[in-house]
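Student: Requesting a structural model of the entry that follows:
(2 chains)
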Protein chains: 2
Amino acid sequence: MFINFQNHIQKNFSFLQDKKLLVATSGGMDSMVLVHLFQKLQFKFALAHCNFQLREKESDGDENFVKEYAKSNNIICFVTKFDTEKYSQEHKLSTQVAARNLRYNWFNEVLEHENFDYIVTAHHADDVAETFMINLSRGTGLDGLTGIPSQNGTIIRPMLPFSRKEIEDYVSENDLQWREDSSNASDKYLRNKIRHHIVPVFKEINSSFLQSFQNTLEHLNQEQSLVNDAVQMVYEKIVSEENGQLKIDISGLVEYKNYKAYLYQWLYKYGFSAWEDIYSLIVAQSGKQIFSENYILLKDRDYLILFRKENDHFEEIIINSITEKPNFPLKLTLCNLSDISNQLKSVIFVDESKLQFPLTIRKWKEGDYFYPAGMQGKKKVSKYFKDEKFTLFQKHETWILESNNQIVWIIGNRADERFKTENTTQTTIKIAFNEEDI
Amino acid sequence: MFINFQNHIQKNFSFLQDKKLLVATSGGMDSMVLVHLFQKLQFKFALAHCNFQLREKESDGDENFVKEYAKSNNIICFVTKFDTEKYSQEHKLSTQVAARNLRYNWFNEVLEHENFDYIVTAHHADDVAETFMINLSRGTGLDGLTGIPSQNGTIIRPMLPFSRKEIEDYVSENDLQWREDSSNASDKYLRNKIRHHIVPVFKEINSSFLQSFQNTLEHLNQEQSLVNDAVQMVYEKIVSEENGQLKIDISGLVEYKNYKAYLYQWLYKYGFSAWEDIYSLIVAQSGKQIFSENYILLKDRDYLILFRKENDHFEEIIINSITEKPNFPLKLTLCNLSDISNQLKSVIFVDESKLQFPLTIRKWKEGDYFYPAGMQGKKKVSKYFKDEKFTLFQKHETWILESNNQIVWIIGNRADERFKTENTTQTTIKIAFNEEDI
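Tutor: Numbers count the residues shown, from 1 in each chain, chains lettered A, B, ... in the order given. Model (predicted):
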């Protein structure tokens, strides 16, 4: 497999040519190749480096290396430091997941603040194969095998077809400097085991293994899309939503020999785990219930009915002033009109004079309506959810920001027309929602 | 993972208790454990051993070992010899595929001749993991990853949950004798590489890897069933069959973002390989065609039309007498009424006096009708295909056996009532079809 890196990027990522790019740069071999390529291609880009402070002096060394490289090459460079261990303990996350959350949250912040179009990462073919094997070693489904997408929203991964070997060759040919990459420190043992002892055997068996593997991934991704279609099509046939409950018609369901597969796909995101119990609800007595942390699945004569436990229905969070930090991942800041750039669903800009404190954050309720930004007239929130094809789960997870009994924002989804900034606006409040922190 | 072998079989395969079983016995460790278990469980079974003659004296040694074991344990034993190399050359197959075809064809013959209910094989969890890795090493899709089913028609594999380690332990505990298994000789290099260098690393990473892997397989099998559903549901919406042609409505198709996935799933069995060309037919000029060995896919204004190349439409094979060996995998033999046992779609028994030679073997044509066995009255063959949900491909691949312009058999599918044996039948002809040999 020989791919000319530059040609590949010019052919498949030509749309990056006139975009403003933020390159995730650990200082490791992969990211330094990416940076070098983007320099040669004369792309408009800046570097973004995270110091996770997991390896003390070495981490600081990486940071300095990236800063120095940026300085001597006249590239803008954003750097941040995280107390990764503290964050992982507070959020009960593995160091690896903590680092990933911190990294992508910050990249998105910089993207938004500095008006970048895309975040670019240096993931390559071996990374994808290793991730596949890691998930396989733990036990997984199709979703765990379908790999890392080359584009996912604002994240672009142009190096996915390249192997580690090709990257190494590029490094020696171009005599690049780099530092040992420590960004995936916590699963280093597992990943290294796979990198050094499994993937090489596959490459020995089949010298173009990584290429065959990409074909496999294409097949699996196609098949994942067909799974999603089936799950949706059958859902539309035999599931109905009423009063915030989800109603599964058992007689319709069991016409599908593989009804367990449908139940699993519809219900796993509600946190259930006792699957055998759920499957046997089909033939259980009316009244039997299965619980997850937040949901109840009830056998009610010819239906399975899913509904949320009542404990958080009346939860409300009050924000008394713009300086108050609410117990909710919402950040209010005053800003200049010139700062307004809005490509993100997670940020709105409102006219300060239209907003009336205290603000309320709450779950939606039947009868709620709002004036969707950019549209004329009002709309029921339930109708909005339906048009946007929200699942029951998404509805339950969606919060409303309210001012003086008027909806300001379906948080993270759609602003209200009534509060938006206008030419006459004197003071703008930026309201940013960080979904990852919920 | 500790499973008591006997308990597992008693719990999950209790239906085997009063069945007549044919145990595929290579003489290797796995099959000797299976045989030993069935002895302890007092199942009704015989052994079936294939001598593939691939390793000369060693193969004969295996054969003798199995025969001796059967003799000293009072078990009936069927043995056959194959010229595997010759068969693989004649049919242009790898030794491994040749051996598999020969093996299963013969097992099925014995099953049918001797009125067995099931063929039982000793495949175990490591076999499944190895096959997964073999397919992964070559590049595959979901079908290549979903593994070996525990039941597939008349084939039963009760040892799938057991690991090789557990089988080895069983062998030492029970002091069993066995011979090195050579049945998968041709992929020995590849399989051994995976057995010795890949699977052990996964087991090192996750000590219950084989168990996690079984969960993975369950997920993948569920997801494969959802893929099949989507493929069928969308087919019914936008594909129609007219005059032996398959018509795909392009405007309906492209409403699916993942329409390439559907095209692939519908068309791969027709032997196409130029997938990018097929996908771009969507926007190609009317009249453009893509060819496979036997089929043509034509862009015709708003449709993609699939039809068979005309070359074999008028092909007919004539059988002049019962002793003639036709150039078609059909075998006619005289037999006693007592030999009649018919659980197989691949065999029919007809009254010799009703059959009129020469017989004709041909493809079906519009207007064909027959009298389906076990039903009253006649039925159009096209209607039969529709009721049985034959795909266009299956229709094209189906042959008709005809006598005096009357259909005797939709070969491999449904016999005709008019030719069946009755109390008055003096001579019976058995007609057997060997699909594998087409």
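Student: Extract the residue ranges of the stretch 201-350 of chain A that are flagged as low pLDDT.
Tutor: For the stretch 201-350 of chain A, the stretches flagged by pLDDT under 70 are A:311-314, A:337-343.
Student: How about stretch A:150-164 and chain B, any contact?
Tutor: No: with CB under 8 Å from any CB of the partner chain as the criterion, chain B is not reached by stretch A:150-164; the gap is at least 14.1 Å. Yep, even glycine has a C-beta here, placed from its N, CA and C like the rest.
Student: Need the residues that contact that stretch.
Tutor: A:1, A:3, A:5, A:8-9, A:12-13, A:16, A:21, A:30, A:33-34, A:104, A:108, A:111, A:117-126, A:128, A:148-149, A:167, A:210, A:214 (CB atoms under 8 Å, 6 or more residues apart in numbering or on different chains).
Student: Which strands or helices does the lengthiest strand in chain A pack on?
Tutor: Ranked by residue count and defined by DSSP state E, the top strand of chain A is strand A:44-51. Strand A:44-51 makes packing contacts with strand A:20-24, helix A:29-40, helix A:57-72, strand A:77-81, helix A:95-113 when contacts are defined by 3 or more CB pairs under 8 Å, 6 or more residues apart in numbering or on different chains; DSSP states H and E.
Student: rerun at 10 Å
Tutor: Helices and strands touching strand A:44-51, by 3 or more CB pairs under 10 Å, 6 or more residues apart in numbering or on different chains; DSSP states H and E, are strand A:20-24, helix A:29-40, helix A:57-72, strand A:77-81, helix A:95-113, strand A:118-120.
Student: Lowest average pLDDT across those?
Tutor: The stretch with the lowest mean pLDDT among the helices and strands packed on strand A:44-51 is helix A:95-113, at a mean of 89.
Student: related to what we said a few turns ago, the longest strand of chain A pairs with which strands, parallel or anti?
Tutor: According to DSSP bridges, strand A:44-51 has the following sheet partners: strand A:20-24 (parallel), strand A:77-81 (parallel).
Student: Return the most buried member of those strands.
Tutor: strand A:20-24 (a mean of 21; mean count of other CB atoms under 10 Å in any protein chain shown).
Student: angle of that one against helix A:95-113?
Tutor: Angle between the axes of strand A:20-24 and helix A:95-113 is 160 degrees (criterion: axes from the mean of the first three to the mean of the last three CA atoms, to 10 degrees).
Student: ok and strand A:20-24 relative to helix A:29-40, angle-wise?
Tutor: Taking the same axes, to 10 degrees, one finds that strand A:20-24 is oriented at 160 degrees with respect to helix A:29-40.
Student: Could you write out the alpha-carbon coordinates of strand A:20-24 in PDB?
Tutor: Presented in PDB, the C-alpha positions along strand A:20-24 are these (Å, rounded to 0.1, in the frame of the first residue of the first chain):
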ATOM      1  CA  LYS A  20      -9.400  27.700   9.100                       C
ATOM      2  CA  LEU A  21      -8.100  24.500  10.800                       C
ATOM      3  CA  LEU A  22      -7.100  23.700  14.300                       C
ATOM      4  CA  VAL A  23      -4.600  20.800  14.300                       C
ATOM      5  CA  ALA A  24      -4.500  18.700  17.500                       C
END
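Student: Can you check which of the helices and strands packed on strand A:44-51 gets nearest to residue A:352?
Tutor: Closest to residue A:352 of these, according to CB to CB: helix A:95-113, at 20.1 Å.
Student: Let me know whether that closest one sits next to chain B.
Tutor: No: for helix A:95-113, no contact with chain B is found by CB under 10 Å from any CB of the partner chain; the gap never falls below 15.4 Å.
Student: tell me what that helix is packed against?
Tutor: strand A:20-24, strand A:44-51, strand A:77-81, helix A:84-90, strand A:118-120, strand A:155-156, helix A:188-197, strand A:428-433.
Student: what's the next secondary structure element after the shortest one?
Tutor: Note on strand A:155-156: by DSSP states H and E, the next helix or strand toward the C-terminus is helix A:164-173.
Student: Look up how far residue A:79 lies from residue A:49.
Tutor: Using CB to CB, to the nearest Å, we find residue A:49 at a distance of 5 Å from residue A:79.
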